[in-house]
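K.L.:
Just the structure for this:
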Amino acid sequence: MTKSEERQVISNFRNWYNQTHSDSHILKSAISGYLTLREKPVFQDDEETEAGKVSDGYHTFDELYEHRNTLFIALCKAKKETNIIWKTMPDNGWFIMGINIAAGKQITYHLPQTKWDETNFCQVLPPYNEYKFDGHSSNDVLDRLKGI
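P.N.:
Below is the predicted model:
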């Protein structure tokens, strides 16, 4: 479907909806937002684009990971007086940084080795350390972050 055809379908839907549901602003907003988003490239990718450069029209994956890494380091710095903050030795360009927020509850992320010096406030753990992985999932990490 071309953009012109897509706009016509949305316009027809909007007209129908306005006539039958004039009291609903939520769907009108959603449709308007969708049209605005469609003006920007929703997904920029081709075979020659490296993964980190793929964009939703606002941010690239590289930018989003840089934000995530910086926010996690900032959280750990803020919590260093009350929580155990640790990191593992780098391996293949990455290291794991973790915060123990309660007995047996961790939040961990893999960080690129380029962030190593920014995390010099952490204790470095030897292999097979006392803070064994607690088996958390990505959803566990999200729940634990919300609880801080």
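
K.L.:
How confident was the prediction at Thr70?
P.N.:
In this model, Thr70 is scored at 96, pLDDT.

K.L.:
no no, Gly104
P.N.:
Note for Gly104: predicted pLDDT of 82.

K.L.:
what does Leu125 give?
P.N.:
pLDDT, Leu125: 86.

K.L.:
For the residue nearest to it when sequence neighbours are not counted, list each beta-bridge partner.
P.N.:
Of all residues beyond its chain neighbours, the one nearest Leu125 is Trp86 (5.1 Å), with distances taken as C-beta to C-beta, 6 or more residues apart in numbering. Where you see a C-beta, it was placed from the backbone N, CA and C, and this is true even at glycine. Legend: beta-bridge partners of Trp86 under DSSP bridges are Gly98, Gln123.

K.L.:
Surely Trp86 touches Thr119?
P.N.:
No: using C-beta atoms under 8 Å as the test, Trp86 is too far from Thr119 to be in contact (9.6 Å).

K.L.:
what do those two both touch?
P.N.:
Residues touching both Trp86 and Thr119 by C-beta atoms under 8 Å, 6 or more residues apart in numbering: Met97.

K.L.:
and the residue nearest to Leu125, what is it in contact with?
P.N.:
So Trp86 contacts 97-100, 122-125, 129, 131 (C-beta under 8 Å, 6+ apart).

K.L.:
Now list the buried members of those residues.
P.N.:
Buried subset of the contacts of Trp86 (neighbour count, 16 or more other C-beta atoms under 10 Å): 97-100, 122, 125.

K.L.:
and the two most separated of those residues?
P.N.:
Greatest spatial distance in those: Ile99 and Leu125, 12.7 Å, computed using C-beta to C-beta.

K.L.:
Can you give me the domain assignment for the chain?
P.N.:
Using automatic domain parsing, the domain parsing of the chain gives 3-53, 61-146.

K.L.:
By mean pLDDT, show me the worst of the ones you listed.
P.N.:
In terms of average pLDDT, domain 3-53 trails the rest of those, at a mean of 58.
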